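okay, predicted coordinates and the sequence, questions at the end:
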Amino acid sequence: MISNEELSTIIQNLVDPEPSMRRIAAEALSEADERAIYPLIHLLHDDNAGVQDAAMRSLVAIGGEVTAYMTLPLLREGPFIRNTARLILRQIGYPSVPLLRPLLGDKDDDIRTFAVDLIADIGSCDYADEIVRLLETDPNQNVRASAARALAVLDYRAGLPALIASLRDNEWVCFSSLESLALMKDKTSVDPILALLGNPSETIRYAVIEALGKIGSSRSTGPLIARLPKSNDIEKGAIIRSLVQIGITPAMAEVADVLMEMFSKGEWEERLVALTGLSELKFKRAIPVILDVAGALDPSDPENEEHLFAVKQALLKFGCMHALLSVLEDPGIKYRGKVVAAEVVGELQCAEAVPSLIGLLSVDLRDVRRAAVLALANIRGDEALTVLRKCIDDRDGHVRSAAIIELGRMGDQPSAEHLLRHINVENYRDVLEETIRALLRIDARLLFSNLPVLSSEVRELVARYAGDVDVLLSLSREPDKSVRVAALTSLASLQDERGRKRLSEALGDESPEARKAAVIALGTLNAGVDELSKALGDKDMWVRLYAVKALGESQDARASSFVIPLLSDAEVPVILSAIDALLQLGGNETAAIGALRNHRDEQVRERVSQVVESLC
């Protein structure tokens, strides 16, 4: 909050001849109280746009009923100030709403319109019945149209009879009421709306058709289909779109053509409707067009992700028809379109697509080959699996990885020997990891029996991913430090007594990394003082630190007396860990921690101060 002295200085700067100073002052008043409202409102008339904007933002930041009350008179000024006031009131939100109520009876048509529009923009009102009265009786068509919109935004169902009655109003009000009824999706309004389907106004007919589609009642189907022969091209497109939204796609020759036009040239909102209709009709000529559009989408764009999903869902409804399979060999389809097609035929498990998918494995585009691999894995079958096994040796790491993951997922025993041989030639570590994982799923014994002749890098990966306690116990004694560390880390997940014993033994390992791994693993197994006390005197700081941390989490009643000596450790991180451990253990160790109040290190002193203050 700004002090009185600061407020006085800032307000003086609001009249500085330099615009930048006035803007800075206006921005500073965003943290002021109600005393800043009037000076800021005055500043909205400044001749500098930056100053005006800063004043507006600060008024919104102060907010509240007083700001809204003092802003209301600005609605009667010129267009710029009036629009600024509307923006402020809208941003202030609900506190503005009670103040707008008297304006609904204002003699000025514009003021009444502004008040209703603001209520709709804010989206809240506890006197919606008065808005219904405006719709029914106000002499100004703009006020009535705004009232119709507001009732829909507020979802005021008691206003439905008035909205339906206003369909007999002039064209502008009728149009607004149709939009509102469409938004409210009330089925009782369908018959009154259908009565306007033959209205002489093209604008009204178009709004009627759109409203019927959004409401989605099957009662509209017959009249809309009957209207098709009498419609021009624009109206015909609207009728077909509405029928698709309702869930009906008439099997008429011209319907598919209209949907194709809609999908090819429309915005995505229209394209999604067209996709639904084309897939319901299973219009095979649409498949290349759909895939061509899909091929132009960048999948890294989050918005396109939703569109690609819709495309795939629509294509799935076509099933394994020849028109879908043929695009896999069509050179005119963009590569991303082929990726989508491969994904779809894979999900459909189209066995007829296997030859075409095999053909895609010879192209130079990695994403296409990877999609073909995943599709073959979904289809399976002898031919697909034979090709998939060959992909273990593909020239591209991403394709190799995809094939190896899928073979592992399927538990494909015939690929085990091939995978084992591949271990010795794989250059990429991430693909090597997937190879190890796949072999562990398919034939772990084969992998374990060959460990002596495999590299230390492979043995480390086996130690990381294997779940066999005998293998891990063996690897935990490997000469290679990285293998031992990986094996000791993995033993923590097995809850095996032999593994626990080996971890305790490893606290004497010559490698500090191995000792640290053993301490962390024992902590995971909730070891207590008996197993961890040896590590408290370790010469490596990190071993001591993790031992203290493990004791803190152990809830061993004897742990505090073992942790307290670590408060005198030479390393600050260990001391801080000991303080946290004592707090976790919950003993009354305030005196021991408080003794560090004058410690040489500032971090320790600050932490001790926090602890003592919280415990007092």
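Happy to help now that I have it. Numbers count the residues shown, from 1 in each chain.

what does stretch 332-339 contact?
Residues from elsewhere that reach stretch 332-339 (Cβ atoms under 8 Å, 6 or more residues apart in numbering): 288, 291-292, 294-297, 299, 327-328, 341, 360, 365, 367-368, 371. From N, CA and C alone the C-beta is placed, and that goes for glycine too.

repeat that for stretch 230-241.
For stretch 230-241, using Cβ under 8 Å, 6+ apart, the contacting residues are 202, 205-206, 209-210, 213, 224-225, 227-228, 249-250, 254-255, 258-259, 261-262, 270, 273-274, 277.

after the longest helix seen in the chain, next one along is what?
Determined from DSSP state H, the single longest helix within the chain is helix 429-449. Note on helix 429-449: by DSSP states H and E, the next helix or strand toward the C-terminus is helix 456-465.

list the buried residues of that following helix.
Neighbour-count burial for helix 456-465, with 16 or more other Cβ atoms under 10 Å as criterion, is recorded at 458, 459, 460, 461, 462, 463, 464, 465.

if you count contacts, what does the longest helix of the chain end up packed against?
helix 397-410, helix 416-423, helix 456-465 (3 or more Cβ pairs under 8 Å, 6 or more residues apart in numbering; DSSP states H and E).

wait, which of the ones you listed is closest to residue 556?
helix 456-465 (29.2 Å; Cβ to Cβ).

could you check the angle helix 416-423 makes with that closest one?
Put simply, helix 456-465 runs at 120 degrees to helix 416-423, going by axes from the mean of the first three to the mean of the last three Cα atoms, to 10 degrees.

what pLDDT is listed against residue 1?
Residue 1 is assigned 65 on the pLDDT scale.

what does the helix or strand hosting residue 289 rub up against?
Using DSSP H and E, residue 289 maps to helix 286-295. For helix 286-295, the surrounding residues in contact (Cβ under 8 Å, 6+ apart) are 256, 259-260, 263-264, 271, 275, 278, 307-308, 311, 314-315, 318, 321, 323-324, 327, 330, 332-338, 340-341.

in PyMOL, how would I select the buried members of those residues?
In PyMOL, selecting the buried portion of the contacts of helix 286-295, with burial taken from 16+ other Cβ under 10 Å, looks like this:
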select buried, resi 256+259+260+263+271+275+278+307+308+311+314+315+318+324+327+333+336+337+338+340+341
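
so of the contacts of helix 286-295, which ones are in helices?
Using DSSP H, the contacts of helix 286-295 in helices are 256, 259-260, 263-264, 271, 275, 278, 307-308, 311, 314-315, 318, 323-324, 335-338, 340-341.

which regions of the stretch 401-550 of the chain sit below the pLDDT cut-off?
Of all residues in the stretch 401-550 of the chain, none has pLDDT under 70.

re earlier: chain center to the helix holding residue 289: distance?
Put simply, helix 286-295 sits 27 Å off its chain's centre (Cα atoms, centre = their mean, to the nearest Å).

residues touching residue 403, list them.
Applying Cβ under 8 Å, 6+ apart, the residues near residue 403 are 373, 377, 388, 389, 391, 392, 394.

just give the nearest non-adjacent residue to it, would you?
residue 391 (3.6 Å; Cβ to Cβ, 6 or more residues apart in numbering).

one step back: can you name the two of the contacts of residue 403 that are farthest apart?
377 and 394 (13.6 Å).

ok, the closest residue to residue 271 other than its chain neighbours - contacts?
Nearest residue to residue 271 in three dimensions, chain neighbours excluded: residue 263, at 5.1 Å (Cβ to Cβ, 6+ apart). Residue 263 makes contact with 270, 271, 274, 275, 278, 286, 289, 290, 293, according to Cβ under 8 Å, 6+ apart.

how close does residue 263 sit to residue 529?
Applying Cβ to Cβ, to the nearest Å, the value for residue 263 to residue 529 is 71 Å.

next one: residue 304
Here residue 304 is placed at a distance of 58 Å from residue 529 (Cβ to Cβ).

all helices for the stretch 151-300 of the chain, in order.
160-165, 171-184, 190-194, 202-215, 221-227, 233-246, 253-265, 268-281, 286-295 (DSSP state H, counting those that start in this stretch).

now do the last one against helix 268-281, angle only.
Spelled out, that is helix 286-295. Relative orientation of helix 286-295 with respect to helix 268-281: 150 degrees, computed using the same axes, to 10 degrees.

same deal with the second one?
Calculated by the same axes, to 10 degrees, helix 171-184 forms an angle of 60 degrees with helix 268-281.

isn't residue 33 right up against residue 61?
No: shown here, residue 33 and residue 61 do not form a contact pair, counting by Cβ atoms under 8 Å, at 11.4 Å.

just give the nearest non-adjacent residue to residue 363, would you?
For residue 363, the spatially nearest residue (Cβ to Cβ, 6+ apart) is residue 369, at 6.4 Å.

in the helix or strand hosting that neighbour, what counts as buried?
According to DSSP H and E, residue 369 maps onto helix 366-379. For helix 366-379, a neighbour-count test (16+ other Cβ under 10 Å) marks 366-379 as buried.

list the helices and strands it packs on?
helix 335-347, helix 354-360, helix 381-390, helix 397-410.

what do you get if the cut-off is 6 Å, keeping everything else the same?
Contacts defined by 3 or more Cβ pairs under 6 Å, 6 or more residues apart in numbering; DSSP states H and E place helix 366-379 against helix 335-347, helix 354-360, helix 397-410.
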